[in-house]
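J.: A predicted structure for the sequence below; I have some questions about it.
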Amino acid sequence: MKITIETIPFIEKALGFKLYDWQRAYLLEESYSEPTGRAVGRTTAYIVKLLLTNDRVIDSNKNEDIQQYKDLQSSHYGDIFKHELRMIDDKLTSVGLRTCLLKPKKNVLRNIQIGVEMNTDKLQLKLRAISKHTEALADELDWIDNSFTINEQREQHGLNPIEDGDKRLCKMEGSE
């Protein structure tokens, strides 16, 4: 896309500030005098022009792309440039301008929240009922462990077992 005078207000709205005269001229490909020194807006203007006019897609995940397009050839500048590139891209696209930056896909699951509401009144009543009967159940299981069948008792006293194989339980002497 070619940056026109009509595009400038959208760029300024996206960035949140007015461009310097030289930045406007640079973006419009008019003659200008580039200022010297640091923090004068060169990188901002360069990134805006790169994002809006470059014919090739720039993949912000590919280090080769960042190294190719960064405006300062310093070994530690790549991460700073990538951050600025993505930040300015977000601002430009938020006002509807199309850019050439391929951004990493956002993890849509990261922001999902799940809430569960449930009525636990019945569950609490069931747990209370189980709790009440647990003691009685434990007592009955102990009674079974300490008891024996009628045939076991008969055999203990030397008597013949009953033919039908009576399995009724009897309490052992001395057990409660």
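T.: Received it, and whenever you're ready, just let me know what you need.

J.: Could I get the full set of strands for the chain?
T.: 58-59, 101-102, 147-149, 169-171 (DSSP state E).

J.: what's in contact with stretch 44-60?
T.: With contacts defined as C-beta atoms under 8 Å, 6 or more residues apart in numbering, stretch 44-60 is touched by 1-3, 7, 11, 15, 19, 23, 26-27, 65-66, 69, 71, 82, 84-86, 88-89, 92, 97-104. The way it works is simple: take the backbone N, C-alpha and C, and place the C-beta from them, glycine included.

J.: Buried subset of those as a ChimeraX selection?
T.: Only the buried members of the contacts of stretch 44-60 enter the following ChimeraX selection, criterion being 16 or more other C-beta atoms under 10 Å:
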select :3,7,11,15,19,23,26,27,65,66,69,82,84,85,88,89,92,97,99,100,101
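
J.: So which of the contacts of stretch 44-60 belong to helices?
T.: Counted as lying in helices by DSSP state H, out of those, are 11, 15, 23, 26-27, 65-66, 69, 82, 84-86, 88-89, 92.

J.: Just the closest of those residues to Leu123, please.
T.: Within these, distances to Leu123 taken as C-beta to C-beta reach their minimum at Arg86, with 48.8 Å.

J.: could you list every residue that touches that closest one?
T.: Under the criterion of C-beta under 8 Å, 6+ apart, the neighbours of Arg86 are 60, 101, 103.

J.: list the helices and strands the longest helix seen in the chain packs on?
T.: For the chain, the helix with the greatest residue count under DSSP H is helix 121-145. In terms of contacts (3 or more C-beta pairs under 8 Å, 6 or more residues apart in numbering; DSSP states H and E), helix 121-145 is packed against strand 169-171.

J.: model confidence over the strand it packs on, on average?
T.: The pLDDT scores in strand 169-171 average 57.

J.: Make 40 the starting number, not 1.
T.: In the new count, where the first residue is 40, that last one comes out as strand 208-210.

J.: Among the ones in helices among the contacts of stretch 83-99, which one sits closest to Ile183?
T.: Nearest member of the ones in helices among the contacts of stretch 83-99 to Ile183, counting by C-beta to C-beta, is Arg125, at 72.0 Å.

J.: Now Lys142. Nearest residue, chain neighbours left out?
T.: Closest residue to Lys142 in three dimensions, ignoring its sequence neighbours and counting by C-beta to C-beta, 6 or more residues apart in numbering: Ser99, at 5.7 Å.
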